[in-house]
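S.K.: the sequence and its predicted three-dimensional model are supplied below.
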Amino acid sequence: MAYNEHFITGYPIFLPKVPDNRKDEIAPLLNGKGYIIDYLHHSVVMNKKRKFAFFTASNISGKDWKNMVRKGSFRKDTKSISPGYQFGNELYNAIKAKGGLVHNDFEQGHLTSFQEVIWGNTEERIKAAGDTFYFTNCVPQHERVNSGLWRSLEQYILKTQTIGHELKVTVLTGPLLSDNDPWFIKKVNGELVKIPCVFWKVVYYPNNKGLNAVGFMMSQTDLLLHDKTVTFNKAGVRKIMAPSPTDDLFMNYKYDAVYQVRVEFIQEMTGLQFMLHKVSLPYQVKTATGLIYKKIEVPPGRAMAAGMPAAPMPDFQLEGIVL
């Protein structure tokens, strides 16, 4: 089945609500039956104006997870929503290495990751994996984010915690679709395109205290500006403020001092309304907005996770995680 709000027994987790002032940006389904695109083990809500997802929502069963070889290539989902409401290869292949221009400095990045959904029987795992390769589940991510720290975060959530503790977990993921996003350096089919620079995840998980949620954010702004893939004038000088250490499941990510943020902050920045009633939010370090945006920036010199090969292997494991 698709995203299941009742996946974690006793703790319903409803999909985020898009704010009223952006509801006209929601892409409707072609069949006229709402706007939630359902795939196996995950669902997507698309922004038809930006042609990227507002968010994706996935269920992960650590007990039933089994690895498989990653296969697939992204294609448009022409059965669920209009092709005009989703970017495809016209964006990701917009710049070729010729005419004095370099190739795109971003890759086709999964929101709901391929490995999150490969649980269940063989048929289910194959179907769920294939469903992650629609452009509705894709965002342009700099290669050092997509293949580096963003991937290490995905591996931490999946392998170190969810599988390691045989948990049932719900993960919400999305880009921050801001009016202040920079412009891609080339028009796509004559259209000016804003590239999302900040990505977020909210992880819901149960423990003996009840239902918990933690949040993470990463920014690729400096990477894309450094490579001249996007353009805009950055304003202000921001400093890093590292939060204090904590000790709990999903709270020991190797780079948590840099990329972990309060769930309420993600809610404030995205405008989405998360299901937080009776949910424990263990990470509560409050930091000024400007400082948060500085600390979540992935700089060119630190984008790859320590010890991680340039071409990531399917069985990559994080090092230095303390449970």
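M.R.: Looks like it came in fine.

S.K.: please give the element, helix or strand, for Glu166.
M.R.: For Glu166, there is no enclosing helix or strand under DSSP states H and E.

S.K.: show me where the stretch 101-250 of the chain has helices.
M.R.: Using DSSP state H, counting those that start in this stretch, the helices assigned to the stretch 101-250 of the chain run over residues 122-131, 143-144, 150-155, 221-226.

S.K.: list the buried residues for the longest one?
M.R.: Neighbour counts using 16 or more other C-beta atoms under 10 Å place 124-125, 127-129, 131 of helix 122-131 among the buried residues. Using the backbone N, CA and C atoms, a C-beta is placed for each residue, glycine as well.

S.K.: could you do the third one as well?
M.R.: Neighbour-count burial for helix 150-155, with 16+ other C-beta under 10 Å as criterion, is recorded at 150-155.

S.K.: return the closest of those with respect to Asp38.
M.R.: Using C-beta to C-beta, Glu154 is the member of those that lies nearest Asp38, at 21.7 Å.

S.K.: list the contacts for the closest one?
M.R.: 113, 115-116 (C-beta atoms under 8 Å, 6 or more residues apart in numbering).

S.K.: what are the ranges of the strands in this protein?
M.R.: Assigned by DSSP state E, the strands in the chain fall at 37-39, 42-47, 52-61, 106-110, 138-142, 168-175, 183-184, 198-207, 210-219, 230-231, 260-261.

S.K.: which elements pack onto the fifth one?
M.R.: Applying 3 or more C-beta pairs under 8 Å, 6 or more residues apart in numbering; DSSP states H and E, one finds that strand 138-142 contacts strand 106-110.

S.K.: any idea of the angle the strand it packs on forms with strand 52-61?
M.R.: Strand 106-110 runs at 50 degrees relative to strand 52-61, counting by axes from the mean of the first three to the mean of the last three C-alpha atoms, to 10 degrees.

S.K.: residues in contact with strand 106-110?
M.R.: In contact with strand 106-110 (C-beta under 8 Å, 6+ apart) are residues 74, 92, 132, 137-143, 145-147, 150, 195, 220, 224, 229.

S.K.: hmm, try it at 10 Å
M.R.: Strand 106-110 has contacts (C-beta atoms under 10 Å, 6 or more residues apart in numbering) with 56, 73-74, 87-89, 91-93, 95, 116, 132-133, 135, 137-147, 150-151, 154, 173, 175, 184, 195, 199, 220, 223-224, 227, 229-230.

S.K.: listing partners with orientation, what would you give for that strand?
M.R.: strand 138-142 (antiparallel) (DSSP bridges).

S.K.: the partner strand vs strand 168-175, what angle?
M.R.: Using the same axes, to 10 degrees: strand 138-142 against strand 168-175 is 70 degrees.
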